[in-house]
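**Q** The following comprises the amino acid sequence and a computationally predicted model.
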Amino acid sequence: MATLRRLNVLVLVAVVQIAFANLSSCENDKIISVGLKHLDHHVDSPLHNAHTTFAERVHSAVKRSQARASAFKSIVAAGVTPRGMNFDSTIELSTKASSFQSPVAAAPGGYIMSISLGTPPQTRTAIADTGSDLVWLQCAPCSVCYQQPDPLFDPRKSSTYKKIRYFSSLCGDLPQVSYNWGYCTYRYGYGDQSTTQGDFALDTLTLTATDGSTQAVPDFAFGCGKRNQGTFSGTDGLVGLGRGAISFNEQIGSLIGSKFSYCLVDAFSSATETSPLIFGDAAESTGNSLKVKMKYTPLIRNPAADTFYYVKLNGILVNNKAVSGIRSSAFALNVLTGQGGVILDSGTTITQLIQSAYIPLLTKLQSLIQYTQIDSSQIGLDLCYDLSGVANPTFPSVTFQFQGVDLVLPANNLFLQVDNQGTTCLAFAGTSDFTIIGNIQQQNHYFLYDVANERVGIAPVDSCSTLKSRDAPAGSAKDEL
């Protein structure tokens, strides 16, 4: 039985200061290290509101997780997505016209990061999203743009900006394109009907080290958005971190290695605590240095949603015993239809468990937990308890049995204390189509996405904040937006 500590934060924000070491193509010690900060209450966040209560943040996180699951459902239901499909750029895009959808809501609640493009560099703040591929910023002149805190990216002020030709292979990597006087115009839709449309272009990406030195990455492909619908959390654009060829991590992978990792600190940690996110081969070397041996589970491809990070989940244990009523096929991915399966997603807060597994798990936990159960309808979670008179509550352990890896979830990765009155709720919800493993369940574990070798490494750590301080590059400084 595990004890529970107070959870004070639900959603994280990545305010990025990029660090690198010897980023030439002939070196093996290439690294980009990112600091993750809390979204809801950190003063650097565009969504920061000092007057928001913790219970309100919980409710907001529940709604965001549900919206993200619905968006994931949209792209899977659309089936196999063709690439390079033409659209008429002169026709206005209606809310139902987009044939391609990438599952991120306008306020996804995952992470944000700084990105510097152009010569000289123009630094902007964008959502970091593991559920999509395209990197884009709002650009001037802009015909339809949402409000953002920073000036629009201006390609006229960059000496290295150039549009991508329509018949190039890069243009063919986009789902929807249009011929515009020989150049590639893109249209990219998201699961909540938010869209971006503009010029697909190349420019210099600048990586800035914590000591102030910089490294230029030429010909980085991104969308220069001229018609953008949606709020996108008040940021300047979006950075896709999915598995596609045009994602941020895949584009820089040729320089530093097609790997990235993160280790999320406890959700109850202070607003000054950061979580390490590492890109490149250094992600693997950091994982190999852990006291606990890294174990791997294979990544699975879903042709209907090739951006997502699918893994194989074989079953769920409660107190080291299999939960009765969960069939072996509950988590199976049907590669012919694209239905089912299990997705690892750092942008989802509350794990969305397929109903055929969620109900048996809920029933089993209810039978083992003897505390007073209370109405949780206003919170949006199904299993809540009143622990106001309990000094040291204990809960059953839950284990996700991935192929090759057992992910043991302690109480802090299972339950949220949502207010000062001791209301404590299970951080799971049910969904009808598939399973999404959210970031509460991933905290204080090292996750290594070895995309090149089609696998994910998982290892428990005592403290992600300790890992950060031990493996930070020399001369690292406080992260700044």
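**A** Sure, I can see it. None of the values given here were measured: they were computed from a predicted structure.
**Q** Show me what stretch 161-172 is in contact with.
**A** 83-84, 118-119, 155, 177, 179-180, 182-184, 186, 199-203, 221, 224, 246 (C-beta atoms under 8 Å, 6 or more residues apart in numbering). Every residue, glycine included, has its C-beta placed from N, CA and C.
**Q** at 6 Å instead, please
**A** Residues from elsewhere that reach stretch 161-172 (C-beta atoms under 6 Å, 6 or more residues apart in numbering): 83-84, 155, 177, 179, 182-184, 199-203, 221.
**Q** Which of the residues you listed ranks first by neighbour count?
**A** Phe200 (28 neighbours; other C-beta atoms under 10 Å).
**Q** Where does it sit: helix, strand or coil?
**A** Under DSSP: H, G, I helix; E, B strand; the rest coil, Phe200 falls in the strand class.
**Q** which residues does it form a beta bridge with?
**A** Note on Phe200: beta-bridge partners by DSSP bridges are Gly223.
**Q** And it, how far from Ile164?
**A** Separation of Phe200 from Ile164 (C-beta to C-beta, to the nearest Å) stands at 5 Å.
**Q** okay, and the common contacts of these two?
**A** With C-beta under 6 Å, 6+ apart as the test, Phe200 and Ile164 both reach Cys184.
**Q** all helices of the stretch 201-350 of the chain, in order?
**A** Here the stretch 201-350 of the chain has its helices, by DSSP state H, counting those that start in this stretch, at 248-256, 282-288.
**Q** sorry, back to before: okay, the contacts of stretch 161-172 in JSON lines with distance to Thr349 and pLDDT next?
**A** JSON lines is the format used below for the contacts of stretch 161-172 (distance: C-beta to C-beta, whole Å; pLDDT from 0 to 100):
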{"residue": "Arg83", "distance to Thr349": "31", "pLDDT": "54"}
{"residue": "Gly84", "distance to Thr349": "35", "pLDDT": "52"}
{"residue": "Pro155", "distance to Thr349": "35", "pLDDT": "98"}
{"residue": "Val177", "distance to Thr349": "34", "pLDDT": "94"}
{"residue": "Tyr179", "distance to Thr349": "41", "pLDDT": "94"}
{"residue": "Gly182", "distance to Thr349": "44", "pLDDT": "97"}
{"residue": "Tyr183", "distance to Thr349": "40", "pLDDT": "97"}
{"residue": "Cys184", "distance to Thr349": "36", "pLDDT": "97"}
{"residue": "Asp199", "distance to Thr349": "34", "pLDDT": "98"}
{"residue": "Phe200", "distance to Thr349": "32", "pLDDT": "98"}
{"residue": "Ala201", "distance to Thr349": "34", "pLDDT": "98"}
{"residue": "Leu202", "distance to Thr349": "35", "pLDDT": "98"}
{"residue": "Asp203", "distance to Thr349": "33", "pLDDT": "98"}
{"residue": "Ala221", "distance to Thr349": "30", "pLDDT": "98"}
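**Q** Output these in a markdown table, with distance to Asp406 appended to each entry.
**A** Listed next are these as a markdown table, based on distance: C-beta to C-beta, whole Å:
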| residue | distance to Asp406 |
| --- | --- |
| Arg83 | 37 |
| Gly84 | 42 |
| Pro155 | 50 |
| Val177 | 44 |
| Tyr179 | 52 |
| Gly182 | 55 |
| Tyr183 | 51 |
| Cys184 | 46 |
| Asp199 | 48 |
| Phe200 | 43 |
| Ala201 | 45 |
| Leu202 | 44 |
| Asp203 | 45 |
| Ala221 | 39 |
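**Q** Spell out, range by range, the strands that occur in the stretch 251-400 of the chain.
**A** Taking DSSP state E, counting those that start in this stretch as the criterion, the stretch 251-400 of the chain carries its strands at 259-263, 275-279, 295-300, 309-311, 313-318, 321-322, 342-344, 351-354, 372-374, 384-386, 394-395, 398-402.
**Q** quick one: which of these has the weakest pLDDT on average?
**A** Lowest mean pLDDT within the strands of the stretch 251-400 of the chain: strand 275-279, a mean of 78.
**Q** Which strands or helices does that strand pack on?
**A** Counting contacts by 3 or more C-beta pairs under 6 Å, 6 or more residues apart in numbering; DSSP states H and E, strand 275-279 packs against strand 32-38, strand 259-263.
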